[in-house]
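Asker: Predicted model, plus sequence, below.
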Amino acid sequence: MADRRLQVFHTVARLLSFTKAAETLHMTQPAVTFQVRQLEEHFNTRLFDRTHNRISLTDAGQRVYEYADRIFELYSELEHAVREMTGDISGVLMIGASTTIAEYMLPALLGDFKKKYPDVNVQLKVSNSDGIVHMVENNVIDLGVVESPVLNKNLVVEVCRIDQLVAVVSPQHPLADREAVLMKDLLEYPYICREEGSGTREVISEYMNELGINSNQVHLSMELGSPEAIKGAVEAGMGVSIMSLATVQKELKLGTLVALTLDPALERPFSFVHQKQKFRHRAMDELLDFARNYCKSHPEVV
(Lines give C-alpha, C1' and ligand atoms only; values in the text may rest on other atoms or scores of the structure.)
Protein backbone atom coordinates (compact mmCIF):
# COMPACT_ATOMS: atom_id res chain seq x y z
CA MET A 1 0.00 0.00 0.00
CA ALA A 2 2.89 2.38 0.73
CA ASP A 3 4.70 4.58 -1.80
CA ARG A 4 7.35 2.38 -3.42
CA ARG A 5 9.87 5.25 -3.43
CA LEU A 6 9.44 5.63 0.30
CA GLN A 7 9.82 1.88 0.87
CA VAL A 8 13.07 1.81 -1.08
CA PHE A 9 14.41 4.93 0.65
CA HIS A 10 13.52 3.51 4.07
CA THR A 11 15.40 0.28 3.37
CA VAL A 12 18.50 2.14 2.13
CA ALA A 13 18.39 4.46 5.15
CA ARG A 14 18.00 1.57 7.58
CA LEU A 15 20.90 -0.41 6.11
CA LEU A 16 22.95 2.62 4.96
CA SER A 17 23.83 0.69 1.84
CA PHE A 18 22.38 0.72 -1.68
CA THR A 19 23.87 -2.73 -2.32
CA LYS A 20 22.35 -4.33 0.80
CA ALA A 21 19.01 -2.62 0.13
CA ALA A 22 18.96 -4.03 -3.39
CA GLU A 23 19.59 -7.53 -2.03
CA THR A 24 16.90 -7.15 0.65
CA LEU A 25 14.32 -5.81 -1.82
CA HIS A 26 15.30 -8.24 -4.61
CA MET A 27 15.97 -5.30 -6.93
CA THR A 28 18.94 -4.23 -9.02
CA GLN A 29 21.13 -1.51 -7.52
CA PRO A 30 20.38 0.94 -10.41
CA ALA A 31 16.64 0.46 -9.74
CA VAL A 32 17.16 1.28 -6.06
CA THR A 33 19.21 4.36 -6.95
CA PHE A 34 16.51 5.50 -9.39
CA GLN A 35 13.75 5.23 -6.76
CA VAL A 36 15.79 7.25 -4.23
CA ARG A 37 16.55 9.94 -6.84
CA GLN A 38 12.84 10.15 -7.65
CA LEU A 39 12.11 10.85 -3.98
CA GLU A 40 14.93 13.42 -3.80
CA GLU A 41 13.46 15.16 -6.85
CA HIS A 42 10.03 15.13 -5.20
CA PHE A 43 11.40 16.91 -2.11
CA ASN A 44 13.90 18.93 -4.18
CA THR A 45 16.74 18.10 -1.78
CA ARG A 46 19.41 15.49 -1.17
CA LEU A 47 18.47 12.78 1.28
CA PHE A 48 21.90 11.09 1.42
CA ASP A 49 25.46 12.34 1.56
CA ARG A 50 27.53 10.06 -0.65
CA THR A 51 31.27 9.51 -0.21
CA HIS A 52 33.53 6.98 -1.90
CA ASN A 53 32.82 4.03 0.40
CA ARG A 54 29.77 4.97 2.47
CA ILE A 55 26.56 6.95 2.66
CA SER A 56 24.91 8.89 5.48
CA LEU A 57 21.60 10.65 5.91
CA THR A 58 21.37 14.41 5.46
CA ASP A 59 19.24 16.37 7.96
CA ALA A 60 16.36 16.20 5.50
CA GLY A 61 16.97 12.48 4.98
CA GLN A 62 16.86 11.87 8.72
CA ARG A 63 13.53 13.69 8.95
CA VAL A 64 12.07 11.68 6.04
CA TYR A 65 13.34 8.45 7.63
CA GLU A 66 11.65 9.25 10.96
CA TYR A 67 8.32 9.93 9.25
CA ALA A 68 8.68 6.87 7.01
CA ASP A 69 9.20 4.74 10.13
CA ARG A 70 5.94 6.00 11.60
CA ILE A 71 4.08 5.61 8.30
CA PHE A 72 5.13 1.98 7.86
CA GLU A 73 4.31 1.17 11.46
CA LEU A 74 0.80 2.56 10.92
CA TYR A 75 0.44 0.62 7.66
CA SER A 76 1.50 -2.53 9.50
CA GLU A 77 -0.95 -1.90 12.33
CA LEU A 78 -3.75 -1.31 9.81
CA GLU A 79 -2.93 -4.47 7.85
CA HIS A 80 -2.78 -6.71 10.90
CA ALA A 81 -5.71 -5.11 12.73
CA VAL A 82 -7.96 -5.98 9.80
CA ARG A 83 -6.49 -9.49 9.52
CA GLU A 84 -7.04 -9.97 13.25
CA MET A 85 -10.71 -9.04 12.85
CA THR A 86 -11.12 -11.56 10.03
CA GLY A 87 -9.07 -14.27 11.78
CA ASP A 88 -6.64 -14.40 8.86
CA ILE A 89 -3.03 -15.08 9.86
CA SER A 90 -0.72 -14.52 6.92
CA GLY A 91 2.25 -12.48 5.75
CA VAL A 92 6.00 -12.86 5.52
CA LEU A 93 8.22 -13.63 8.52
CA MET A 94 11.98 -13.25 8.27
CA ILE A 95 13.72 -15.65 10.65
CA GLY A 96 17.46 -15.87 11.27
CA ALA A 97 19.31 -18.72 12.95
CA SER A 98 22.88 -19.68 13.67
CA THR A 99 24.19 -22.62 11.66
CA THR A 100 23.70 -25.34 14.29
CA ILE A 101 20.11 -24.36 15.02
CA ALA A 102 19.16 -23.85 11.36
CA GLU A 103 20.56 -27.20 10.23
CA TYR A 104 19.51 -29.47 13.09
CA MET A 105 16.63 -27.90 14.98
CA LEU A 106 14.45 -25.50 13.04
CA PRO A 107 13.40 -27.64 10.04
CA ALA A 108 10.99 -29.80 12.08
CA LEU A 109 9.61 -26.83 14.03
CA LEU A 110 9.05 -24.68 10.94
CA GLY A 111 7.60 -27.62 9.03
CA ASP A 112 4.95 -28.16 11.69
CA PHE A 113 4.28 -24.40 11.92
CA LYS A 114 3.74 -24.23 8.15
CA LYS A 115 1.19 -27.04 8.34
CA LYS A 116 -0.80 -25.07 10.91
CA TYR A 117 -0.40 -21.68 9.19
CA PRO A 118 -0.02 -22.35 5.45
CA ASP A 119 -0.55 -18.67 4.51
CA VAL A 120 2.50 -17.50 6.49
CA ASN A 121 5.61 -17.33 4.33
CA VAL A 122 8.62 -18.03 6.55
CA GLN A 123 12.01 -17.10 5.10
CA LEU A 124 15.15 -18.31 6.88
CA LYS A 125 18.55 -16.61 6.86
CA VAL A 126 21.56 -18.52 8.21
CA SER A 127 24.63 -16.94 9.77
CA ASN A 128 26.75 -17.30 12.90
CA SER A 129 25.34 -15.94 16.17
CA ASP A 130 27.04 -12.53 15.83
CA GLY A 131 25.57 -12.14 12.36
CA ILE A 132 22.05 -13.06 13.52
CA VAL A 133 22.12 -10.55 16.39
CA HIS A 134 23.35 -7.88 13.95
CA MET A 135 20.40 -8.66 11.62
CA VAL A 136 17.94 -8.31 14.52
CA GLU A 137 19.52 -5.01 15.57
CA ASN A 138 19.14 -3.66 12.02
CA ASN A 139 15.59 -5.01 11.52
CA VAL A 140 16.70 -7.24 8.65
CA ILE A 141 14.91 -10.15 10.34
CA ASP A 142 11.89 -10.30 12.65
CA LEU A 143 13.19 -13.06 14.91
CA GLY A 144 16.58 -14.62 15.57
CA VAL A 145 17.45 -17.92 17.26
CA VAL A 146 21.00 -17.98 18.61
CA GLU A 147 23.30 -20.24 20.58
CA SER A 148 25.37 -17.72 22.55
CA PRO A 149 24.66 -14.94 25.08
CA VAL A 150 23.23 -11.68 23.67
CA LEU A 151 24.84 -8.57 25.14
CA ASN A 152 22.52 -5.94 23.65
CA LYS A 153 20.15 -4.99 26.49
CA ASN A 154 17.78 -3.28 24.02
CA LEU A 155 16.77 -6.64 22.56
CA VAL A 156 14.31 -9.16 24.03
CA VAL A 157 16.03 -12.48 24.75
CA GLU A 158 14.07 -15.58 25.74
CA VAL A 159 15.63 -19.00 26.38
CA CYS A 160 13.87 -21.74 24.42
CA ARG A 161 15.92 -24.78 25.48
CA ILE A 162 19.21 -25.88 27.02
CA ASP A 163 21.73 -27.57 24.75
CA GLN A 164 24.48 -29.94 25.90
CA LEU A 165 27.92 -29.76 24.35
CA VAL A 166 30.11 -32.85 24.29
CA ALA A 167 33.59 -33.87 23.21
CA VAL A 168 33.57 -35.84 19.94
CA VAL A 169 36.30 -38.22 18.76
CA SER A 170 36.62 -40.94 16.14
CA PRO A 171 35.96 -44.56 17.25
CA GLN A 172 39.68 -45.34 16.82
CA HIS A 173 40.80 -42.47 19.07
CA PRO A 174 42.62 -43.32 22.36
CA LEU A 175 39.84 -41.53 24.32
CA ALA A 176 36.99 -43.35 22.56
CA ASP A 177 36.45 -45.91 25.33
CA ARG A 178 35.79 -43.24 27.98
CA GLU A 179 32.36 -41.99 29.03
CA ALA A 180 33.63 -38.60 30.26
CA VAL A 181 36.76 -36.54 29.75
CA LEU A 182 38.51 -33.62 31.43
CA MET A 183 39.28 -30.64 29.24
CA LYS A 184 43.00 -30.87 29.98
CA ASP A 185 43.03 -34.48 28.75
CA LEU A 186 41.06 -33.63 25.60
CA LEU A 187 43.45 -30.81 24.72
CA GLU A 188 46.44 -33.12 24.63
CA TYR A 189 45.26 -33.89 21.08
CA PRO A 190 44.91 -31.68 17.97
CA TYR A 191 41.77 -29.58 18.40
CA ILE A 192 39.29 -28.61 15.65
CA CYS A 193 36.96 -25.65 16.21
CA ARG A 194 34.44 -23.34 14.54
CA GLU A 195 35.29 -19.97 13.00
CA GLU A 196 35.49 -16.62 14.84
CA GLY A 197 31.98 -15.26 15.52
CA SER A 198 30.49 -18.71 16.03
CA GLY A 199 28.30 -19.00 19.11
CA THR A 200 29.64 -22.48 19.77
CA ARG A 201 33.22 -21.23 19.74
CA GLU A 202 32.35 -18.33 22.04
CA VAL A 203 30.71 -20.61 24.62
CA ILE A 204 33.62 -23.07 24.56
CA SER A 205 36.18 -20.25 24.94
CA GLU A 206 34.32 -18.97 27.99
CA TYR A 207 34.22 -22.51 29.42
CA MET A 208 38.00 -22.83 28.95
CA ASN A 209 38.58 -19.46 30.61
CA GLU A 210 36.56 -20.55 33.64
CA LEU A 211 38.76 -23.65 33.88
CA GLY A 212 41.92 -21.51 33.70
CA ILE A 213 42.91 -22.83 30.27
CA ASN A 214 44.57 -20.29 27.97
CA SER A 215 45.04 -20.37 24.21
CA ASN A 216 48.65 -21.56 24.50
CA GLN A 217 47.39 -24.87 25.87
CA VAL A 218 45.19 -25.52 22.81
CA HIS A 219 46.83 -27.39 19.90
CA LEU A 220 44.55 -25.80 17.32
CA SER A 221 44.78 -27.78 14.09
CA MET A 222 41.80 -26.51 12.08
CA GLU A 223 39.11 -23.80 12.06
CA LEU A 224 36.04 -24.84 10.05
CA GLY A 225 32.84 -23.04 9.12
CA SER A 226 30.15 -25.66 9.76
CA PRO A 227 29.31 -28.61 12.02
CA GLU A 228 29.31 -30.95 9.01
CA ALA A 229 32.88 -30.00 8.12
CA ILE A 230 34.03 -30.54 11.71
CA LYS A 231 32.34 -33.95 11.91
CA GLY A 232 34.04 -35.03 8.71
CA ALA A 233 37.46 -33.96 9.98
CA VAL A 234 36.97 -35.73 13.33
CA GLU A 235 35.72 -38.90 11.60
CA ALA A 236 38.90 -38.83 9.47
CA GLY A 237 41.02 -38.82 12.65
CA MET A 238 42.34 -35.30 12.13
CA GLY A 239 41.61 -34.20 15.68
CA VAL A 240 39.04 -33.86 18.46
CA SER A 241 36.31 -31.27 18.87
CA ILE A 242 33.46 -30.07 21.06
CA MET A 243 30.00 -29.95 19.51
CA SER A 244 26.31 -29.80 20.30
CA LEU A 245 25.00 -33.25 21.14
CA ALA A 246 22.05 -32.54 18.83
CA THR A 247 24.35 -32.26 15.80
CA VAL A 248 25.91 -35.72 16.12
CA GLN A 249 22.87 -37.95 16.67
CA LYS A 250 23.11 -39.60 13.25
CA GLU A 251 26.85 -40.27 13.57
CA LEU A 252 26.42 -41.75 17.05
CA LYS A 253 23.79 -44.18 15.71
CA LEU A 254 26.03 -45.12 12.78
CA GLY A 255 29.05 -45.52 15.05
CA THR A 256 31.22 -43.10 13.03
CA LEU A 257 31.73 -40.76 16.02
CA VAL A 258 31.92 -41.19 19.79
CA ALA A 259 30.58 -38.56 22.21
CA LEU A 260 32.18 -38.04 25.64
CA THR A 261 30.58 -36.02 28.43
CA LEU A 262 32.75 -33.10 29.48
CA ASP A 263 33.78 -32.91 33.13
CA PRO A 264 32.52 -30.48 34.34
CA ALA A 265 29.46 -30.56 32.07
CA LEU A 266 29.05 -27.83 29.45
CA GLU A 267 25.60 -26.50 28.60
CA ARG A 268 24.32 -23.40 26.84
CA PRO A 269 20.95 -21.80 26.11
CA PHE A 270 19.34 -21.60 22.69
CA SER A 271 17.47 -18.29 22.71
CA PHE A 272 14.90 -16.32 20.74
CA VAL A 273 15.93 -12.72 20.19
CA HIS A 274 13.89 -9.86 18.73
CA GLN A 275 13.35 -6.12 18.92
CA LYS A 276 11.34 -4.47 21.70
CA GLN A 277 8.59 -3.35 19.35
CA LYS A 278 5.41 -1.74 20.60
CA PHE A 279 3.60 -3.38 17.70
CA ARG A 280 4.36 -6.82 16.32
CA HIS A 281 2.96 -8.87 13.46
CA ARG A 282 0.34 -11.32 14.66
CA ALA A 283 2.08 -14.02 12.62
CA MET A 284 5.24 -13.47 14.68
CA ASP A 285 3.28 -13.73 17.93
CA GLU A 286 1.80 -16.99 16.70
CA LEU A 287 5.26 -18.28 15.75
CA LEU A 288 6.69 -17.39 19.18
CA ASP A 289 3.82 -19.11 20.98
CA PHE A 290 4.10 -22.13 18.68
CA ALA A 291 7.88 -22.35 19.22
CA ARG A 292 7.56 -22.05 23.02
CA ASN A 293 5.08 -24.93 23.09
CA TYR A 294 7.19 -26.94 20.64
CA CYS A 295 10.25 -26.53 22.89
CA LYS A 296 8.32 -27.92 25.84
CA SER A 297 6.86 -30.88 23.92
CA HIS A 298 10.03 -31.68 21.91
CA PRO A 299 12.93 -30.97 24.31
CA GLU A 300 15.20 -33.34 22.42
CA VAL A 301 14.66 -31.46 19.12
CA VAL A 302 14.26 -27.79 19.93
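Answerer: On my side now, so go ahead.

Asker: Every contact and neighbour count from this point should use C-alpha atoms.
Answerer: Fine.

Asker: ranges for the strands of this protein?
Answerer: 48-50, 55-57, 91-98, 120-127, 143-146, 155-169, 180-182, 191-194, 220-224, 241-244, 258-263, 266-275 (DSSP state E).

Asker: List the buried residues of the longest one.
Answerer: Yep, that's strand 155-169 we're talking about. Buried positions in strand 155-169, judged by neighbour count with 16 or more other C-alpha atoms under 10 Å: 155, 157, 159-163, 165-169.

Asker: Now for Asp177, how many residues are close by?
Answerer: 12 (other C-alpha atoms under 10 Å).

Asker: I'd like to know how far it sits from Val169.
Answerer: 10 Å (C-alpha to C-alpha, to the nearest Å).

Asker: what do you get for Ser241?
Answerer: Ser241 is 7 Å from Val169, by C-alpha to C-alpha.

Asker: Overlap of the contact sets of the two?
Answerer: Counting by C-alpha atoms under 8 Å, 6 or more residues apart in numbering, the shared contacts of Ser241 and Val169 are Val234.

Asker: circling back to that earlier point, please tabulate the buried residues of strand 155-169 in CSV, including the columns distance to Lys20.
Answerer: Shown next, in CSV, are the buried residues of strand 155-169 (distance: C-alpha to C-alpha, whole Å):
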residue, distance to Lys20
Leu155, 23
Val157, 26
Val159, 30
Cys160, 31
Arg161, 33
Ile162, 34
Asp163, 33
Leu165, 35
Val166, 38
Ala167, 39
Val168, 39
Val169, 41
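
Asker: isn't Ser98 right next to Leu124, touching?
Answerer: No: using C-alpha atoms under 8 Å, Ser98 makes no contact with Leu124, being 10.4 Å away.

Asker: neighbour count winner among the two?
Answerer: Ser98 (25 against 16).

Asker: give me every residue that touches that one.
Answerer: Ser98 touches 126-129, 132, 145-147, 199, counting by C-alpha under 8 Å, 6+ apart.

Asker: Tabulate those in TSV, adding columns for neighbour count, distance to Arg5 and pLDDT.
Answerer: TSV is the format used below for these (neighbours: other C-alpha atoms under 10 Å; distance: C-alpha to C-alpha, whole Å; pLDDT from 0 to 100):
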residue	neighbour count	distance to Arg5	pLDDT
Val126	18	29	89
Ser127	18	30	88
Asn128	25	33	84
Ser129	27	33	83
Ile132	25	28	90
Val145	27	32	90
Val146	32	34	88
Glu147	27	38	81
Gly199	25	38	79
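
Asker: Take those and lay them out in a markdown table including distance to Leu39.
Answerer: Converted to a markdown table, the contacts of Ser98 look like this (distance: C-alpha to C-alpha, whole Å):
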| residue | distance to Leu39 |
| --- | --- |
| Val126 | 33 |
| Ser127 | 33 |
| Asn128 | 36 |
| Ser129 | 36 |
| Ile132 | 31 |
| Val145 | 36 |
| Val146 | 38 |
| Glu147 | 41 |
| Gly199 | 41 |
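
Asker: This completes my enquiry, with thanks.
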